[in-house]
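# How does the following fold in three dimensions:
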Amino acid sequence: MTTTKQGVRRVRFGMIGCGEVGQGVLTLLAAQAADLAERFGVAFEPVVVAVRNLDRDRGSHVQGIDFVTDPLLVVHDPRVELVVEVAGGLAMGPALEAALTARKPVVTANKALVAAQLGELIALSRSTGTPIGCEAAVAAALPILRSLGRRVDRVQRLLAIVNGTSNFVLTRMEQDELELPRAVAMAQKLGLAEADPAADIDGHDAAAKLSILAHRSLGIWAKPGSFPVMGIRDLLPADFDLADAMGHRIRHIAHAELLNDGVRLGVEPLLLPNWHLLAGVEEEYNAVYLCCKFAGDLSFFGKGAGGLPTATAVVGDMVDLALGTSSFWPAAVPAQLLDPALCDRRHYLRVTAHRHTGLARRIEGLLRKAGHTVQDRATCVGKKDSIHLGFLLAPCSDVRLAPVRELLLELGRVRAVLTLGITE
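Predicted structure coming up:
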């Protein structure tokens, strides 16, 4: 790190990956160079970039930058003082570990890698005294990790919409009454979904982000795969109509909560009351809602996808590392996870069936016989002589409700049954 005559510290960095986000970083640094020098007294100089394809066009801000194909060449380049990784994938693990071992600070947007190896990366960061920043790995432009890293309050609960693709798809299903495949196709056409959207639609992307968020906010670490994850494939446009008729909206929520005997985590579509802040988050936007012991409720809202929004988080981490103001991560403590299926909560039940005059009455009778209380109900006419019946049920556990679902599926006219949790 050198200092110019004007007192600006020049930081030379190497970057691994130069796709949409990487090009966004270079564009942002070029556009904001004067502002970064004026406000923070820093200037960033890209010296080497690792890419898979050397022949691909990388935009207009790559003059003077060396391109290589091996990420380790970036790490071990003597000019590189800071390593920025925006390639993604678990294969980048050795490069990040090599950078931390060489005591070169790391900025990464790689949510899958950070979530899977958070414990190891934190331990290496702490042992070498080398900071790591991963703001862009959670919610793109939202400065949530930076805020959580400096918190003095205790976070007791979080609810978050952290996947812009699934939120856009749900918005189209809700507002345009599109079936899920058509909504996904629209997201792909707009560049908001991958060719294979499974990681987003099935909740795995959100699970990786929740793993990181839960550590930074609640102080525990739960690897993806250790807590339940439910995607949005079973939802129909009718579910949004039924929920709305009963004063609720459906969102794909990553949630974590500290309880007396452990922590409860999960990713799933949930019903939220219309008045809830997260209920109004639409399109590809992300939001994180925190319940704190002393500060009360706090929220963060912003763009959750896109090269330039994500690049702002990357550059923000770069500035913190250059100024030495980034906070170290606490040691990763394994969580005592509670089984969410054993916890009581209100439920939404949707029964899709052939039309029949006495069907709703029969379903309610079956629910009462099983000890469940119906708090509200709604009806939506479906296609091809079908009907959708929606019920809001008094609190009970998922385990207790499961047998009722099986009984309903045995009814001759019933085509499908969906149960979702309700949160406040």
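# could you list every residue that touches the nearest residue to Val25 once chain neighbours are set aside?
Leaving out its chain neighbours, the residue that sits closest to Val25 by C-beta to C-beta, 6 or more residues apart in numbering is Ala311, at 4.6 Å. Where you see a C-beta, it was placed from the backbone N, CA and C, and this is true even at glycine. Taking C-beta atoms under 8 Å, 6 or more residues apart in numbering as the contact definition, Ala311 lies against 21, 24-25, 27-28, 136.
# Other residues contacting stretch 285-292?
Everything outside stretch 285-292 that qualifies as a contact, by C-beta under 8 Å, 6+ apart, is 139-140, 142, 144, 151, 153-164, 167, 213, 217, 277-278, 281, 297-305.
# From those, which land in helices?
Using DSSP state H, the subset of these located in helices is 139, 144, 164, 167, 213, 217.
# tally of neighbours for the first one?
A count of nearby residues for Ala139, using other C-beta atoms under 10 Å, gives 32.
# for the third one, same thing?
A count of nearby residues for Gly164, using other C-beta under 10 Å, gives 24.
# same check, this time on the last one
Using other C-beta under 10 Å, Ser217 has 26 other residues around it.
# Quickly note the distance from it to Met230.
Ser217 is 22 Å from Met230, where distance means C-beta to C-beta, to the nearest Å.
# do the same with Lys223
Taken as C-beta to C-beta, the spacing of Lys223 relative to Met230 amounts to 18 Å.
# cool, and His276?
Looking at His276 against Met230, where the rule is C-beta to C-beta, the gap reads 19 Å.
# With Ala140 instead?
Counting by C-beta to C-beta, the gap from Ala140 to Met230 is 23 Å.
# Those two - which one has more neighbours?
Shown here are Ala140 and Met230; by other C-beta under 10 Å, Ala140 has more neighbours (27 against 16).
# Now do that one, the pLDDT please.
We have a pLDDT of 79 for Ala140.
# do Lys303 as well
At Lys303 the predicted local confidence, pLDDT, stands at 79.
# Could you give the bridge partners of it?
With DSSP bridges as the criterion, the beta-bridge partners of Lys303 are Tyr285.
# Show me what counts as buried in stretch 237-245.
Along stretch 237-245, the positions that meet the burial threshold by neighbour count (16 or more other C-beta atoms under 10 Å) are 237-244.
# and what of stretch 88-99?
Judged by neighbour count (16+ other C-beta under 10 Å), stretch 88-99 contains these buried residues: 88, 92-93, 95-99.
# where's the dip in pLDDT among those residues?
For those, the model is least confident at Gly88; its pLDDT is 85.
# Show the buried residues in the contacts of stretch 285-292.
Restricting these to buried positions leaves 139-140, 142, 144, 155, 157-164, 167, 213, 217, 278, 281, 298, 300-305, with burial counted as 16+ other C-beta under 10 Å.
# Give me the next element, helix or strand, following the helix or strand of the chain with the lowest mean pLDDT.
Every helix and strand of the chain was ranked by mean pLDDT, DSSP states H and E. The lowest is strand 2-3, at a mean of 62. Under the assignment DSSP states H and E, the closest C-terminal helix or strand after strand 2-3 is strand 9-16.
# Centroid-nearest residue for the protein?
For the chain, the residue lying nearest the average C-alpha position, counting by C-alpha atoms, centre = their mean, turns out to be Val162 (3.0 Å).
# Quick check, it in contact with Ser211.
No: no contact is recorded between Val162 and Ser211 when judged using C-beta atoms under 8 Å, the distance being 10.9 Å.
# Please give me every residue in contact with the residue nearest to the centre of the chain.
When contacts are counted by C-beta under 8 Å, 6+ apart, Val162 touches 138-139, 205-206, 209-210, 213, 254, 286, 288, 304.
# Could you give the number of residues near the closest residue to Thr423 other than its chain neighbours?
Nearest residue to Thr423 in three dimensions, chain neighbours excluded: Leu270, at 5.0 Å (C-beta to C-beta, 6+ apart). Taking other C-beta under 10 Å as the criterion, the count of residues near Leu270 is 23.
# same deal with Arg405?
Counted by other C-beta under 10 Å, the residues lying close to Arg405 total 14.
# ok, it touching Val417?
Yes: taking C-beta under 8 Å as the definition, Arg405 is a contact partner of Val417 at 5.1 Å.
# Spit out the residues that contact those two alike.
In the contact map built from C-beta under 8 Å, 6+ apart, the residues linked to both Arg405 and Val417 are Leu349.
# circling back: could you export the contacts of Ala311 as CSV, including pLDDT?
Formatted as CSV, those follow (pLDDT from 0 to 100):
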residue, pLDDT
Val21, 90
Gly24, 91
Val25, 93
Thr27, 93
Leu28, 94
Ala136, 90
